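Undergrad: Could you work out the structure for the sequence below:
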Amino acid sequence: MEVQQVNGLKFYRFRCLSAFPEVVHGVFTRWGGVSRAPYAGLNLSLSVGDELWRVRENRRRLRETLGLKKLVSAVQVHGRHGALVTGDNPASDEELPEADILLTQEPGIGLMIKQADCQAVMLYDPEHRAVANVHCGWRGQVQNILGEAVGRMREAFGSRPPALAAGIGPGLGPCCAEFRRYREEFPPEFWRYQVRPGYFDLFRLSRDQLVAAGLRKSRIETADTCTRCQAGEFFSYRRDRQTGRQGAVIGLRA
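TA: Residues are numbered from 1 along each chain as shown. Prediction:
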């Protein structure tokens, strides 16, 4: 990934998505913004206890940094629900009802996934100029949310999986993704992703689920960055419990 700093905000970009000039995206860190501890500084969640005016200002700064007309997010519930986003969807300081997959073909709209250890997985279809952003935690992986997202792109836009480009954002790395009750939480086919007793490589799991959905390995880029380890860069629920949420955003240039 490439790092950028604009307007005091620090974010990363996937090279596989930066290759398309019509795509706007950024995996934001906690740098910048106006939130105070324990949410300092660029907290983007409306539901963790932060002052709403601070979250709204943080969202405004992010939107302006990426040059987007609108920023859209949803109430994330670790499910398989999706939402097709249009210009009629809520303003940047409101949220869609429960959804963990956001999709759009409309320029100027940024799809934002909020994170504090879950991955945000961005998808782009250059043939139909359509984007998706997926809230992908371990519960979503158990439900194959990435396969569901690819299927929704096929249904909504006619996307062909081999044509898609994907970026798998930061999340719990194999160093910190500990699951003591994994035999109850994960299906047996997931157990092979265990790197040492009780610890799992969720990045590799996401890559494999995308490949199983029809994507080419060469068109998948992974951040391979652990949010729990990087306290100066990212919020982490596992590390801090009471904390903010960073955001990952993708959209089409207006």
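Undergrad: For the closest residue to residue 185 other than its chain neighbours, give me its contacts.
TA: Nearest residue to residue 185 in three dimensions, chain neighbours excluded: residue 179, at 5.8 Å (CB to CB, 6 or more residues apart in numbering). Just so you know, the C-beta spots here come from the backbone N, C-alpha and C atoms, and that holds for glycine as well. Neighbour list for residue 179: 138, 185-186, 198-200 [criterion: CB atoms under 8 Å, 6 or more residues apart in numbering].
Undergrad: Give me the pLDDT value at residue 179.
TA: Residue 179 carries a pLDDT value of 97.
Undergrad: how close does it get to residue 200?
TA: Distance of residue 179 to residue 200, given as CB to CB, to the nearest Å: 6 Å.
Undergrad: List the residues that are in contact with both of these two.
TA: Common neighbours of residue 179 and residue 200 (CB under 8 Å, 6+ apart) are 138, 186.
Undergrad: Just the buried residues of the host helix or strand of residue 140, please?
TA: Element membership for residue 140, per DSSP states H and E: helix 138-142. Residues of helix 138-142 classed as buried: 138, 140-141 (neighbour count, 16 or more other CB atoms under 10 Å).
Undergrad: Show the end-to-end separation of stretch 188-203, please.
TA: 18 Å (CA to CA, to the nearest Å).
Undergrad: In it, which residues are buried?
TA: In terms of neighbour count (16+ other CB under 10 Å), stretch 188-203 has its buried residues at 190, 193-194, 199-203.
Undergrad: List the ones among the residues you listed that fall in helices.
TA: 202-203 (DSSP state H).
Undergrad: Need the buried residues of stretch 188-203 in a markdown table (columns: distance to residue 153 and pLDDT).
TA: Formatted as a markdown table, these follow (distance: CB to CB, whole Å; pLDDT from 0 to 100):
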| residue | distance to residue 153 | pLDDT |
| --- | --- | --- |
| 190 | 24 | 97 |
| 193 | 25 | 98 |
| 194 | 31 | 97 |
| 199 | 32 | 98 |
| 200 | 27 | 98 |
| 201 | 25 | 98 |
| 202 | 22 | 98 |
| 203 | 21 | 98 |
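Undergrad: and of the buried residues of stretch 188-203, the nearest to residue 145?
TA: residue 202 (12.4 Å; CB to CB).
Undergrad: Please report the distance of that closest one from residue 156.
TA: Distance from residue 202 to residue 156, by CB to CB: 27 Å.
Undergrad: next one: residue 200
TA: Distance from residue 200 to residue 156, by CB to CB: 31 Å.
Undergrad: for residue 226, same thing?
TA: 33 Å.
Undergrad: Between these two, which has more neighbouring residues?
TA: It is residue 226, of residue 226 and residue 156, that has more neighbours when counted by other CB atoms under 10 Å, with 22 against 17.
Undergrad: related to what we said a few turns ago, dihedrals phi and psi, the residue nearest to residue 185?
TA: Backbone torsions for residue 179, taken as degrees, to the nearest 10, come to phi -130, psi 100.
Undergrad: before we move on, what about residue 207?
TA: According to degrees, to the nearest 10, residue 207 has phi -60, psi -50.
Undergrad: So what's the residue count around it?
TA: 20.
Undergrad: For it, which non-adjacent residue is closest in space?
TA: Nearest one to residue 207, counting by CB to CB, 6+ apart, is residue 220 at 5.6 Å.
Undergrad: Please name the residues that touch that neighbour.
TA: Contacts of residue 220 (CB under 8 Å, 6+ apart): 16, 165-168, 207, 210-211.
Undergrad: Find the nearest non-adjacent residue to residue 144, please.
TA: residue 209 (6.1 Å).
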